[in-house]
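> What follows is a predicted protein model with its sequence.
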Amino acid sequence: MLQTCRVLCSRAGPSPGGWQPLTFDGGAFHLKGTGELTRALLVLRLCAWPPLVTHGLALQAWSQRLLGSWLSGALLRASIYGQFVAGETAEEVRGCVLQLQNLGLRPLLAVPTEEEPDSAVKTGEAWYEGNLSAMLRCVDLSRGLLETPDPTGTALMQLKMTALMSTWLCKELTARVRRPGDSLELSPERLAEAMDSGQDLRVSCLNTEQTRHLQASLSRLHRVVQHARAQRVRLLVDAEYTSLNPALSLLVAALATRWNSSREGGPWVWNTYQAYLKDTYERLRQDAEAADRAGLAFGVKLVRGAYLEKEREMARLQETEDPTQPDYEATCQSYSRCLELMLTQVSHRGTMCHLMVASHNEDSVRQATKRMWELGIPPDGPVCFGQLLGMCDHVSLALGQAGYAVYKSIPYGSLEEVIPYLIRRAQENRSVLRGARREQELLSQELRRRLLGRGLRVSPH
């Protein structure tokens, strides 16, 4: 994975004398090998082909029947798996991360496990307990990947709550918290107290089975955060569908009440906000103000959002209002407003407020870096950037070379575990894959330059 020669990066930040905008022209591609660039170009072009994304699972099954499991797996490892996945073993993951670190990038590990809202209901707690073990191992691996011990907690990890609790319970909680009377019984403070004490939680609006599963789920979440805090790994909770998000936000608020206090050293549990939803800016503003009033640290991963088509389809089927922004331009405006709000919060609250600008959009990244300079936020401070492993490297590398904190979201695991996860992510991120044309053009330019034997590109200092 990432067969890149080791390159020590310049860590100089933006010049204090004046604003110097970053250029995302592919100049940083000189840090990568020709084989890597060739694979990236081929895989990104394949992923931009709609039938491959739509019928990915069926094509995988067909490939296994036609070619056999070994040859089919070898082709996947040489292409899609190799481009987007760190590997299967801890050693393979460490090798991938070492290459990233040599490029000035940091790992954001993700366990490729979740429960889809329309999937069959899991029986018993064994599946979720198995996922808990995987999450705890991921915390340990995230900590072990640090080059040197870091007391400030720069190790980050993604957390998918639907790997630890059922989607049907999330839907039930979402329905309950929207009812004024029930929401008092399911307050973040009460849930936090139940997690801390381990005592039985009695919730009149839930039946016995639901209450028992909620109790077990709270225990799992508490154990993950407790272990992550001990290992100094910050957890970024993924947002999901609007039918689940209010429940997820409730649980994040409960965890934040316990683990994001000022005495804990910054936010250890972050929430994700999706700018493509109409109500995101207002929710983000309210949550930021509530955290400030309560004296809690506040951690945010800001994304555009990945469930657009499914959200609109569900709204049509249920004959409810479409919760998403009307078009891409409106989503970009929403992202820009949320970004400005959070950067202002960071400038006022310092290390009590952390932000990940999770975006492949060059304009959003430029806005963030410029406003950071204007507000006096250091490049390697409480604001970081995030992109997917195997994509948007022309932006990630340029940021890393300029001294900004840049994380690559890294799934890992076996082919059987990761390929279905990757296909779901591809189906959710169709617009991102189709919009990677500029990256493909830059990759093509760099490969043509090398094949034609032109002089090495010299990056400006």
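Perfect, thanks for sending it. Remember, it's a predicted structure, so these values are computed and weren't measured experimentally.
> longest helix of this protein?
Identified as the longest helix of the chain according to DSSP state H is helix 208-231.
> hey, where'd the strands end up in the stretch 101-250 of the chain?
Across the stretch 101-250 of the chain, reading from the start of the chain, the strands by DSSP state E, counting those that start in this stretch fall at 106-110, 155-159, 233-237.
> Turn those into JSON lines, columns for distance to Leu317.
No exception for glycine: its C-beta is placed from N, CA and C like everyone else's. Supplementary listing: those in JSON lines, determined by distance: least, C-beta to C-beta, whole Å:
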{"stretch": "strand 106-110", "distance to Leu317": "30"}
{"stretch": "strand 155-159", "distance to Leu317": "29"}
{"stretch": "strand 233-237", "distance to Leu317": "27"}
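> Show residues contacting the longest helix of the chain.
Where contact means C-beta atoms under 8 Å, 6 or more residues apart in numbering, the residues beyond helix 208-231 that reach it are 125, 128-129, 132, 135-136, 139-140, 142-143, 155, 157, 159, 161, 164-166, 169, 172-173, 191, 194-196, 198, 200-203, 206, 234-235, 251, 254-255, 258-259, 264, 268-269.
> Which of those residues are buried? Put it as a PyMOL command.
Only the buried members of these end up in this PyMOL selection, burial being decided by 16 or more other C-beta atoms under 10 Å:
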select buried, resi 125+128+132+135+136+139+142+143+155+157+159+161+164+165+166+169+172+173+191+194+195+201+203+206+234+235+251+254+255+258+259+264+268+269
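> Buried residues in the longest helix of the chain, which are they?
Of the residues in helix 208-231, those buried under the neighbour-count criterion (16+ other C-beta under 10 Å) are 210-211, 213-222, 224-229, 231.
> CSV for the strands of the stretch 101-250 of the chain, including mean pLDDT and distance to Thr34?
Rendered in CSV, the data for those read as follows (pLDDT from 0 to 100; distance: least, C-beta to C-beta, whole Å):
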stretch, mean pLDDT, distance to Thr34
strand 106-110, 96, 24
strand 155-159, 96, 31
strand 233-237, 97, 34
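> Might you list the low-confidence residue ranges for this protein?
Segments of the chain classed as low confidence (criterion: pLDDT under 70) are 1-18, 53, 55, 57, 114, 116-123, 147-153, 180-183, 427-435, 454-461.
> thinking Met195 is in contact with Ala254, fair?
Yes: with contact defined as C-beta atoms under 8 Å, Met195 and Ala254 form a contacting pair (6.7 Å).
> mind listing the helices for the stretch 301-450 of the chain?
Assignment of helices within the stretch 301-450 of the chain using DSSP state H, counting those that start in this stretch yields the ranges 308-318, 328-349, 362-375, 393-401, 415-428, 430-434, 437-451.
> Now distance to Pro382 and mean neighbour count too, for those, in TSV please.
Putting those into TSV (distance: least, C-beta to C-beta, whole Å; neighbours: other C-beta atoms under 10 Å) gives the following:
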stretch	distance to Pro382	mean neighbour count
helix 308-318	29	14
helix 328-349	5	18
helix 362-375	10	18
helix 393-401	16	25
helix 415-428	27	18
helix 430-434	26	17
helix 437-451	28	16
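> State the distance from the nearest residue to Glu129 once chain neighbours are set aside to Asn131.
The shortest distance from Glu129 to any non-neighbouring residue, by C-beta to C-beta, 6 or more residues apart in numbering, is to Arg220 (7.4 Å). When distance is defined by C-beta to C-beta, to the nearest Å, Arg220 is 8 Å away from Asn131.
> Mutual contacts of the two, please.
Taking C-beta under 8 Å, 6+ apart as the contact criterion, the residues that touch both Arg220 and Asn131 are Leu164.
> how about the CA coordinates for the longest helix of the chain, as CSV?
Included here for helix 208-231 are C-alpha records, laid out as CSV according to Å, rounded to 0.1, in the frame of the first residue of the first chain:
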residue,chain,number,x,y,z
THR,A,208,-38.4,-4.1,28.4
GLU,A,209,-36.5,-5.4,25.3
GLN,A,210,-35.7,-1.8,24.1
THR,A,211,-34.6,-0.7,27.6
ARG,A,212,-32.3,-3.7,28.0
HIS,A,213,-30.7,-3.1,24.6
LEU,A,214,-30.3,0.6,25.4
GLN,A,215,-28.6,-0.3,28.6
ALA,A,216,-26.2,-2.6,26.9
SER,A,217,-25.5,-0.1,24.1
LEU,A,218,-24.8,2.7,26.6
SER,A,219,-22.3,0.3,28.4
ARG,A,220,-20.6,-0.4,25.1
LEU,A,221,-20.3,3.3,24.2
HIS,A,222,-19.0,4.1,27.6
ARG,A,223,-16.3,1.4,27.4
VAL,A,224,-15.1,2.6,24.0
VAL,A,225,-14.9,6.3,25.1
GLN,A,226,-13.3,5.4,28.5
HIS,A,227,-10.6,3.3,26.8
ALA,A,228,-10.1,6.0,24.1
ARG,A,229,-9.7,8.6,26.8
ALA,A,230,-7.2,6.5,28.6
GLN,A,231,-5.2,6.0,25.4
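> I'd say Lys301 and Thr272 touch.
Yes: under the criterion of C-beta under 8 Å, Lys301 is in contact with Thr272, at a separation of 4.4 Å.
> list the residues that contact both of these two?
Counting by C-beta under 8 Å, 6+ apart, the shared contacts of Lys301 and Thr272 are Leu236, Ala358.
> any chance of the helices of the stretch 301-450 of the chain in CSV, with distance to Arg94 too?
What follows is the helices of the stretch 301-450 of the chain, written out as CSV (distance: least, C-beta to C-beta, whole Å):
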stretch, distance to Arg94
helix 308-318, 35
helix 328-349, 32
helix 362-375, 28
helix 393-401, 19
helix 415-428, 17
helix 430-434, 28
helix 437-451, 27
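> Of all those, which one is nearest Ala78?
helix 415-428 (11.9 Å; C-beta to C-beta).
> Fine by me, thanks again.
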